[in-house]
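> sharing a sequence plus its predicted fold:
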Amino acid sequence: MTRAAPNAGRSNRSLAGLAVTAVLVLGPGTVSAQVQGTDPGSGTSSGSGTTSGSGDPRTESGAGTGLSSGNGLRGSALSGGASSPSLSSSTAGSSTTGETSGGAASTTRPLAGSRSGSALTFSGTSGANNRAPTNLLRLRAAPPRRFGSATVKPIRAVTQTNSYDLRLTPVVRNPVIGVPLPTLLPLAGVQTPGFFLGTALRRPLTVDEAYAPLGIKVGTFTILPALQQSVGYDTNPDQITNRLAKPSLALRTDGEVTFRSDWSSSELTGDLRGGYIDYPDNDGASRPNGSGVTRLRIDANRDTRIDVEGRFVLDTQRAGTPDLAAAVATRPLVTSYGTTVGVTERFNRVQVSVRGLFDRSEFEDAQLSNGTILRQSDRNLNQYGLQLRAGYEISPVITPFVDVLADTRVYDLRVDSTGIRRNSDGLTLSGGASFALTRFVTGEISGGLQHRTYADPTLRDVTAPILSASLIWTASPLTTVRLNAATGVTETTVAGSGGVLTQTATLEVQHDLLRNLSLIGGISYLSNDYDRVNITERGFSATARLDYRFNRWLALRGSYIYQRIDSSVAGSSFSANTFLLGMRINP
């Protein structure tokens, strides 16, 4: 058996390549090539071909107007081998033939071409393994040009994008995220129902960014001042029994300053409010009010945080309160202020906080209707406290905690006007959890017991359950619901009573009808139970408010407030309706 020499095939392929190169290099003329190969095993294969044409150089042979002629290539393959498909291609004026022997197929492969004039044509075949010049040129040709430019839009998008500047970012106030500290009860255990019922809905609410005030940049702080002037009518400005009520026109002025730092770490924020309401038809009922809190957070390191807080409350005593029990000409002021300093350390999932508290309450002397002065300096006191809280983060969703608060209340005078020593020590144990069940519901809730022991043996110890809750529910992008509740044992001067169990709760709902139109509604509940004496108070307040914002700095605000207190003490119950309409300016 004789084996076919592989060199013949390689020689044919090399000569074909040379022919292509010659066609590309020589230019006008005729190039011809003949290739002969001898297969010692099966016979002789020979072939020659001539291609000529003229016409459009972009026209291939057989497809354009050029003339092509040539001789067929004839060859013989090995006999007894596997058959291969016969590949042939013909052009106008040319023919290709093939002969086989021994049952083997022969393949016609044109190996020569010629170029005449400016027309370049090739004769070739098309197949899976075709190496003819026509297909080689097609494979090596440049890809077709794409229409349009692929870089116009990306470059235009980059060059036309507005730069982002933090100084132009709308800032209203710190968003209500997490758990706001409860501020429903006045500090140092002093209960003032007027403060609670009248200011329950004065906390900042969400404002659409398109109508949010930009604020004033001062160094690294953003300051947001506000001024509001309202006019309205009050059916019972003295908050006394209805048969003695003296209605009056109401002129109310409110000022606010909110600020926050723009530091990369740590933070200083503040929210200060003050106002004065004037009753031209009842001067004795005119009074100021105010409240404020500032918070400093220092990020010492990744796991250590230092918190410092300052706070104050300014309010007045109503004439019918059981602690005053006198007909006064003007409402005496009550001022309470304090601070808290704490350190929070994180040990992996465990979080431990230690805080020290100090609060002071001062009472202004009351001027009675007959012109005499009622001294209240015996009610001034200081409160010192130490709070320890430990929590364990079960998951980012919920963190249970236990809380222990030990405090002492010390009066300026050793005994009050009735000869009773009212200094006391208290211990509060509570447990609860802070949670963020979804991004729509966050809050904190806790419950426990508070126990107070008094220095005077005539006063019985007070033990009472306590509850504290602060929940925020974003029902929809347009509706927000807030719930706050707090309980505690507050101070009193009623003879024979050691303290007052005070319970408060507030529910607020805000709904945005438009981007610049908001409806706010809320209800508040107050309960005071005096220990060892038959005195109870139940208070209720309802508020409806409408805010329409013309632009970032000017808004129209209308509000209605209903207040009611039912007391077991004769002459202490009252109800009042207040209507106000005003303009709010955010410079």
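Cool, got the structure.
> residue 493 against residue 416, yeah?
Yes - in this structure residue 493 lies within contact range of residue 416 using C-beta atoms under 8 Å: 6.2 Å. In short, each C-beta sits where N, CA and C put it, glycine included.
> please enumerate the shared neighbours of those two.
Counting by C-beta atoms under 8 Å, 6 or more residues apart in numbering, the residues touching both residue 493 and residue 416 are 378-379.
> run a quick neighbour tally on residue 209.
Applying other C-beta atoms under 10 Å, we find 12 residues neighbouring residue 209.
> then the one 3 residues further on?
A total of 18 residues lie near residue 212 under the criterion other C-beta under 10 Å.
> quick one: it from residue 227, how far?
Residue 212 is 17 Å from residue 227, where distance means C-beta to C-beta, to the nearest Å.
> same question for residue 329.
Relative to residue 227, residue 329 is positioned 31 Å away (C-beta to C-beta).
> got it, and residue 525?
Residue 525 is 31 Å from residue 227, where distance means C-beta to C-beta.
> go on, residue 490?
Distance of residue 490 to residue 227, computed by C-beta to C-beta: 33 Å.
> who has more neighbours out of these two?
Counting neighbours by other C-beta under 10 Å for residue 490 and for residue 227 shows that residue 490 has the greater number, 17 against 13.
> hey, what's residue 305 bridged with?
Going by DSSP bridges, residue 305 is paired in beta bridges with residue 299, residue 344.
> and it, what is it in contact with?
Residue 305 neighbours (C-beta under 8 Å, 6+ apart): 297-299, 343-344.
> neighbour count and pLDDT for the residues you listed - can I get that in JSON lines?
Supplementary listing: these in JSON lines, determined by neighbours: other C-beta atoms under 10 Å; pLDDT from 0 to 100:
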{"residue": "297", "neighbour count": "17", "pLDDT": "95"}
{"residue": "298", "neighbour count": "14", "pLDDT": "95"}
{"residue": "299", "neighbour count": "14", "pLDDT": "94"}
{"residue": "343", "neighbour count": "15", "pLDDT": "96"}
{"residue": "344", "neighbour count": "18", "pLDDT": "95"}
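> between those residues, which is nearest residue 445?
residue 344 (19.8 Å; C-beta to C-beta).
> could you list every residue that touches the closest one?
Under the contact definition (C-beta under 8 Å, 6+ apart), the residues listed for residue 344 are 304-307, 351-353.
> show me which of these are buried.
Among the contacts of residue 344, those classed as buried by 16 or more other C-beta atoms under 10 Å are 305, 351, 353.
> tell me which residues of stretch 415-429 come out buried.
Buried residues in stretch 415-429, counted by 16+ other C-beta under 10 Å: 416, 420-422, 424, 426, 428.
> make JSON lines out of those and add secondary structure.
What follows is the buried residues of stretch 415-429, written out as JSON lines (DSSP: H, G, I helix; E, B strand; the rest coil):
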{"residue": "416", "secondary structure": "coil"}
{"residue": "420", "secondary structure": "coil"}
{"residue": "421", "secondary structure": "coil"}
{"residue": "422", "secondary structure": "coil"}
{"residue": "424", "secondary structure": "strand"}
{"residue": "426", "secondary structure": "strand"}
{"residue": "428", "secondary structure": "strand"}
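> helices of the stretch 351-500 of the chain, start to end?
Along the stretch 351-500 of the chain, no segments are classed as helices by DSSP state H, counting those that start in this stretch.
> show me what stretch 259-279 is in contact with.
Outside of stretch 259-279, the residues within contact range by C-beta under 8 Å, 6+ apart are 166, 171, 173-174, 202, 204, 220-224, 234, 237, 248-258, 285-299, 314.
> can you give me the strands in the stretch 151-300 of the chain?
Remark: strands assigned in the stretch 151-300 of the chain by DSSP state E, counting those that start in this stretch are 216-218, 221-234, 248-261, 267-278, 287-299.
> residue 541 bridge partners, please.
According to DSSP bridges, residue 524, residue 563 are recorded as the beta-bridge partners of residue 541.
> my read: it touches residue 560, true?
No - Residue 541 sits out of contact with residue 560 when judged by C-beta under 8 Å, with a separation of 11.2 Å.
> which one of the two is surrounded by more residues?
Set side by side, residue 541 and residue 560 show more neighbours around residue 541, with 23 against 16, by other C-beta under 10 Å.
> list the contacts of the nearest residue in space to residue 312 that is not next to it in sequence.
Once flanking residues are discounted, residue 312 sits nearest to residue 337: 3.9 Å by C-beta to C-beta, 6 or more residues apart in numbering. With contact taken as C-beta under 8 Å, 6+ apart, residue 337 is in contact with 187, 310-313, 359-360.
> closest one of the residues you listed to residue 567?
Distance to residue 567, by C-beta to C-beta, is smallest for residue 313 among these, at 22.3 Å.
> just want the angle from the host helix or strand of the closest one to strand 267-278.
Taking DSSP states H and E as the criterion, the element that holds residue 313 is strand 304-316. Counting by axes from the mean of the first three to the mean of the last three C-alpha atoms, to 10 degrees, strand 304-316 lies at 0 degrees to strand 267-278.
> list the buried ones in stretch 478-485?
Applying a neighbour-count criterion of 16+ other C-beta under 10 Å, one finds 480, 482-485 buried in stretch 478-485.
> and the two most separated of these?
Applying C-beta to C-beta across the buried residues of stretch 478-485, the maximum distance is between 480 and 485, 17.4 Å.
> please spell out which residues along stretch 507-522 are buried.
507-510, 512, 516, 518, 520-522.
> make TSV from the strands of the stretch 151-300 of the chain and add distance to residue 382 to it.
What follows is the strands of the stretch 151-300 of the chain, written out as TSV (distance: least, C-beta to C-beta, whole Å):
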stretch	distance to residue 382
strand 216-218	35
strand 221-234	32
strand 248-261	28
strand 267-278	23
strand 287-299	19
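> quick one: closest of the ones you listed to residue 402.
strand 287-299 (23.0 Å).
> and the closest one, what does it pack onto?
In terms of contact count using 3 or more C-beta pairs under 8 Å, 6 or more residues apart in numbering; DSSP states H and E, strand 287-299 is assigned the packing partners helix 193-198, strand 267-278, strand 304-316.
> can we see that at 6 Å?
Packing contacts for strand 287-299, counted by 3 or more C-beta pairs under 6 Å, 6 or more residues apart in numbering; DSSP states H and E, involve strand 267-278, strand 304-316.
> and the angle for it with strand 267-278?
For strand 287-299 against strand 267-278, the angle by the same axes, to 10 degrees is 180 degrees.
> i'd like the first residue to be 826 from this point on
Got it, first residue is 826 now, which makes that one strand 1112-1124.
> report the angle between the axes of strand 1112-1124 and strand 1073-1086?
Counting by the same axes, to 10 degrees, strand 1112-1124 lies at 10 degrees to strand 1073-1086.
> just the CA trace of strand 1112-1124, in PDB.
Once side chains and other backbone atoms are set aside, the C-alpha atoms of strand 1112-1124 remain, and they are given as PDB (Å, rounded to 0.1, in the frame of the first residue of the first chain):
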ATOM      1  CA  ARG A1112     -48.500  84.200  79.200                       C
ATOM      2  CA  PRO A1113     -45.300  82.900  77.600                       C
ATOM      3  CA  ASN A1114     -44.300  79.300  76.900                       C
ATOM      4  CA  GLY A1115     -41.200  77.600  75.500                       C
ATOM      5  CA  SER A1116     -39.200  74.400  75.300                       C
ATOM      6  CA  GLY A1117     -35.900  73.300  73.800                       C
ATOM      7  CA  VAL A1118     -33.300  70.600  73.600                       C
ATOM      8  CA  THR A1119     -29.800  70.400  72.400                       C
ATOM      9  CA  ARG A1120     -27.800  67.200  71.800                       C
ATOM     10  CA  LEU A1121     -24.100  66.600  71.300                       C
ATOM     11  CA  ARG A1122     -22.800  63.200  70.100                       C
ATOM     12  CA  ILE A1123     -19.100  62.600  70.200                       C
ATOM     13  CA  ASP A1124     -17.800  59.500  68.300                       C
END
